[in-house]
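# just the structure for this:
(2 chains)
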Amino acid sequence: MIFAITSSGNSKTDMLDSRFGRCHTLVFYDNERGNLEFLPNPFRDEEEGVGPNVVRLIHSKGAGRIVSGSFGLKIKSLLDSHHIQMIIPEREDLTVSEILVLIDHGKKSGS
Amino acid sequence: MNYCSLNMSPRTRKRRKVTSPPEIKGFKPFGGSAKNNKPMINLLYEEYEALKLSDFDHYTHQEASVFMEVSRPTFTRIYSSALQKIAQAFVEGRGITIEGGHVYFDSTWYYCDTCSSRFNNPFIEETPQKCPLCGSWKIKDLDATTSDDLSVKSEKKVLYRCENCGTEKEKKRGAEKENILCDSCGNEMILYRDHNCGNNACL
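Residues are numbered from 1 along each chain as shown, chains lettered A, B, ... in the order given. Below is the predicted model of the structure:
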């Protein structure tokens, strides 16, 4: 399963970005192969259609789950149509590495 | 007079669509007379959603009404009711609880007690057993939690309203046998909302 994570920077120590469409970086993590990719969000400075473009990007990368701080109404319906699961951690100060640890822990327990 | 006893029941009230339940269950005031035992003000889920769409997400009332699947005037009434309740809570120093309402969520949301994450279920035919993030079994259906809250509330209380001045008063179920008088004007109050009744006017 490929996870997409919205990050406020391009390293593991950066925190989860609470914005979805205008997040700084998108992190793609394949928990089966262990691949980790930091992709600077190419749409974050665009004026319109940011959210749907990011959804299309995530879908093209084959991600099935997205971890972010919040999702807009229009985004939610788009993600639902692509069967991408939304995960919203309550803690806003979670770092990317902490999220990766949670994902690995989840894989060990078979989720 | 009881609305439930009338043969001319009003049009069925549509359920309002809510994107996801709020992260918290309410607010408590502090300082001043915050320690008094004034009753909490109940902000309904649809009122919370109306406020969020209009003032947090900055949608127009027309756009927000489409999201909530109600007419624009209905949306404005819900929004206005939310503002009135919040203003009353601020001025009178009363707490706010966010629960209840005539709503449905546009997808089922779950909460993980282990990693404190909320997640939805995009696969309607399957029910998640574990948290998709940490793999914990300790997950709960937020939608079911909401229903439980409503049923507990509905078993115990019914709401009366004064047609003269609009004052509302909650009474225990069974109080219907006696005349309920308004504290403000002394007028006889009517049964206004009974969640167990099933009549459209009471939902």
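# chain neighbours aside, what residue packs nearest to A:T25?
In space, and not counting its chain neighbours, A:T25 is closest to A:S7: 4.4 Å by CB to CB, 6 or more residues apart in numbering or on different chains. Placement of C-beta: from N, CA and C, glycine included.
# count of residues packed around B:L181?
Using other CB atoms under 10 Å in any protein chain shown, B:L181 has 14 neighbouring residues.
# buried set for stretch B:67-81?
For stretch B:67-81, the neighbour count (16 or more other CB atoms under 10 Å in any protein chain shown) marks B:67-68, B:70, B:74-76, B:78-79, B:81 as buried.
# quick check, that stretch touching chain A?
Yes - contact of stretch B:67-81 with chain A (CB under 8 Å from any CB of the partner chain) involves B:F67.
# list the contacts of that stretch.
A:73, B:14, B:16-19, B:46-47, B:49-51, B:53-54, B:59, B:61-62, B:64-65 (CB atoms under 8 Å, 6 or more residues apart in numbering or on different chains).
# following whichever helix or strand B:A64 is part of in sequence, what is the next regular element?
Assigned by DSSP states H and E, B:A64 falls within helix B:61-68. Next helix or strand after helix B:61-68 toward the C-terminus (DSSP H and E): helix B:72-92.
# contacting residues around the helix or strand that that next one is followed by?
Remark: after helix B:72-92, the chain's next helix or strand is strand B:96-98, criterion DSSP H and E. With contact meaning CB under 8 Å, 6+ apart, strand B:96-98 is reached by B:22, B:24-27, B:40-45, B:48, B:85-86, B:89.
# where along chain A do the strands fall?
Along chain A, counting by DSSP state E, strands occupy A:2-7, A:25-30, A:36-40, A:65-67, A:85-89.
# could I get the ones you listed in CSV, plus columns for mean neighbour count, mean pLDDT and distance to B:S116?
Formatted as CSV, these follow (neighbours: other CB atoms under 10 Å in any protein chain shown; pLDDT from 0 to 100; distance: least, CB to CB, whole Å):
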stretch, mean neighbour count, mean pLDDT, distance to B:S116
strand A:2-7, 25, 94, 16
strand A:25-30, 21, 94, 20
strand A:36-40, 15, 93, 24
strand A:65-67, 25, 93, 13
strand A:85-89, 24, 91, 7
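# near chain B at all, the lowest-mean-pLDDT helix or strand in chain A?
One helix or strand of chain A scores below all others by mean pLDDT, DSSP states H and E: helix A:73-81, with a mean of 82. Yes - interface with chain B: helix A:73-81 contributes A:73, A:76-77, A:79-80 (CB under 8 Å from any CB).
# ok so, going back, wait, what's in contact with the residue nearest to A:T25?
Here A:S7 is in contact with A:14-17, A:23-27, A:38, A:96 (CB under 8 Å, 6+ apart).
# and chain A, which residues reach chain B?
A:65, A:67, A:72-73, A:76-77, A:79-80, A:83-91, A:99, A:102-103, A:105-111.
# quick one: buried ones out of those?
Buried subset of the residues of chain A next to chain B (neighbour count, 16+ other CB under 10 Å): A:65, A:67, A:72-73, A:76, A:79-80, A:84-89, A:99, A:102-103, A:105-106, A:111.
# grab the longest helix from chain A for me.
Using DSSP state H, we find that the single longest helix of chain A is helix A:96-108.
# how big is the angle separating that helix from strand A:85-89?
Angle, helix A:96-108 to strand A:85-89, by axes from the mean of the first three to the mean of the last three CA atoms, to 10 degrees: 120 degrees.
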